[in-house]
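# Kindly return the folded structure for what I paste below:
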Amino acid sequence: MIYEVTHRTVYDYAEAAAFSQHLLRLTPRETGDQRVLESRITVDPRPDALQPERDMFGNLAHAATVSRPHGRLEILAVSRVERQAPSQFIFEASSPWEDVRARATGAAAGPAPAEVAPFAFPTALTAASPAIEDWARACFAPGRPVLTAAAALSARIHAEFDYIPGATGADTLPAESFEARHGVCQDFAHVMLAALRAHRVPARYVSGYLRTIPPEGQPRLAGADASHAWVAVWDPVFDWVEFDPTNDLVPGEDHVTLAWGRDYADVSPVSGFVVGAGAQRLTVGVDVAPVPG
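A predicted model of the protein is given here:
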């Protein structure tokens, strides 16, 4: 399946901004199941510079600087991506979770790849409370295959948490959304990461897009798709395997990968600062449209 992904971000300022600088993580990644055919980013007003760089996780980012007065900033990213269905995995054939923990933390022979270890430890946004650790323990029976444990966690989050847009913010901690038993995809991913990393199982936060399909007989609405977040778990046998706890499924052709990191702070699509703008209003629209073949 080939998609054209459009991500529009608009900042309207109460007063003219004197200066703004933003880091844009809006270029999809190349993966084994995804190929980026083309991608472009435009900024209005035209920036002084739009400098590409790779972050520590291999995500492609662009630094956009505007140093002249502007009352509005519009960032438009348009990409054409070919997405394939992922490989099928037999979760029961994955390694026991204790072996994965030992490999990731250097407590066993056969060291894990260097990029795995940072994902086995909590961050400020993925620290597990005692309640989360106790709740997750039932999924980590002795000798249980790591991907089976991860699938059980995903299913529990989907069953026990309510999806309520606007109930949480970008800085909501897993302990808060866990206690409230509600949130959005970012919160569900952070809770799952907190539970996995409490047991030192390497897992990363994946940001991207999810194509939504309208009800039968209704037209597809432009801009009705969404930014999305899910989790990838490492296993020495199968490498990184993804789970979407919001929908309790393995991400497939309707998921487009944008970036990955330890948590949302590592992969925020647009971050930065502005000088002299006063209050601001943010509008974000996402469209994931299949390209007729």
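# For the rest of this, base every contact and every neighbour count on C-alpha atoms.
Noted.
# which residues sit against whatever helix or strand S177 lives in?
Using DSSP states H and E, S177 maps to helix 174-180. Residues outside helix 174-180 that contact it (Cα atoms under 8 Å, 6 or more residues apart in numbering): 125-129, 131-132, 168, 183, 187, 190-191, 194.
# Just among these, which is most surrounded?
Counting neighbours by other Cα atoms under 10 Å, D187 leads the contacts of helix 174-180 with 32 neighbours.
# follow-up on the earlier one: any chance of the contacts of helix 174-180 in CSV, with secondary structure and pLDDT too?
Below are these laid out as CSV (DSSP: H, G, I helix; E, B strand; the rest coil; pLDDT from 0 to 100):
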residue, secondary structure, pLDDT
L125, coil, 96
T126, coil, 97
A127, coil, 96
A128, coil, 95
S129, coil, 95
A131, helix, 96
I132, helix, 97
T168, coil, 89
G183, strand, 93
D187, helix, 96
H190, helix, 97
V191, helix, 98
A194, helix, 98
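# Now tabulate the residues you listed in JSON lines and tack on distance to R156.
Conversion of the contacts of helix 174-180 to JSON lines gives the following (distance: Cα to Cα, whole Å):
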{"residue": "L125", "distance to R156": "20"}
{"residue": "T126", "distance to R156": "18"}
{"residue": "A127", "distance to R156": "19"}
{"residue": "A128", "distance to R156": "16"}
{"residue": "S129", "distance to R156": "17"}
{"residue": "A131", "distance to R156": "15"}
{"residue": "I132", "distance to R156": "12"}
{"residue": "T168", "distance to R156": "20"}
{"residue": "G183", "distance to R156": "14"}
{"residue": "D187", "distance to R156": "14"}
{"residue": "H190", "distance to R156": "14"}
{"residue": "V191", "distance to R156": "11"}
{"residue": "A194", "distance to R156": "14"}
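# what two of the residues you listed are the furthest from one another?
A131 and T168 (19.1 Å; Cα to Cα).
# ok so, going back, return the set of buried residues in the helix holding S177.
Along helix 174-180, these residues count as buried under the neighbour rule (16 or more other Cα atoms under 10 Å): P174, A175, S177, F178.
# Between those residues, which sits nearest V201?
Checking the buried residues of helix 174-180 against V201 by Cα to Cα gives P174 as the nearest, at 16.8 Å.
# what's the spacing between that closest one and V270?
Using Cα to Cα, to the nearest Å, P174 is found at 22 Å from V270.
# One more: I213?
26 Å.
# Now for D266: which residues touch it?
The contact partners of D266, by Cα under 8 Å, 6+ apart, come to W260.
# Would you confirm that it belongs to a helix?
Yes: counting by DSSP: H, G, I helix; E, B strand; the rest coil, one finds D266 located in a helix.
# Can you pull out the low-pLDDT segments for the protein?
Under the criterion pLDDT under 70, the flagged ranges of the chain are 109-111, 214-225.
# at 90 what do you get?
The model of the chain has pLDDT under 90 over residues 49, 85-89, 105-115, 117, 165-171, 210-227, 254, 276-278, 289, 292-293.
# Domains in it, by residue range?
Domain assignment for the chain, taken from automatic domain parsing, gives 2-84+269-290, 91-251.
# hey, where'd the helices end up in the protein?
Counting by DSSP state H, the chain has these helices, from start to end: 97-105, 130-136, 146-160, 174-180, 185-198, 264-267.
# so which of these is the most packed in?
Of all these, helix 185-198 carries the top mean neighbour count, a mean of 28, counting by mean count of other Cα atoms under 10 Å.
# counting contacts, what elements does it pack onto?
The elements that helix 185-198 packs onto, with contact taken as 3 or more Cα pairs under 8 Å, 6 or more residues apart in numbering; DSSP states H and E, are helix 130-136, helix 146-160, helix 174-180, strand 203-210, strand 226-235.
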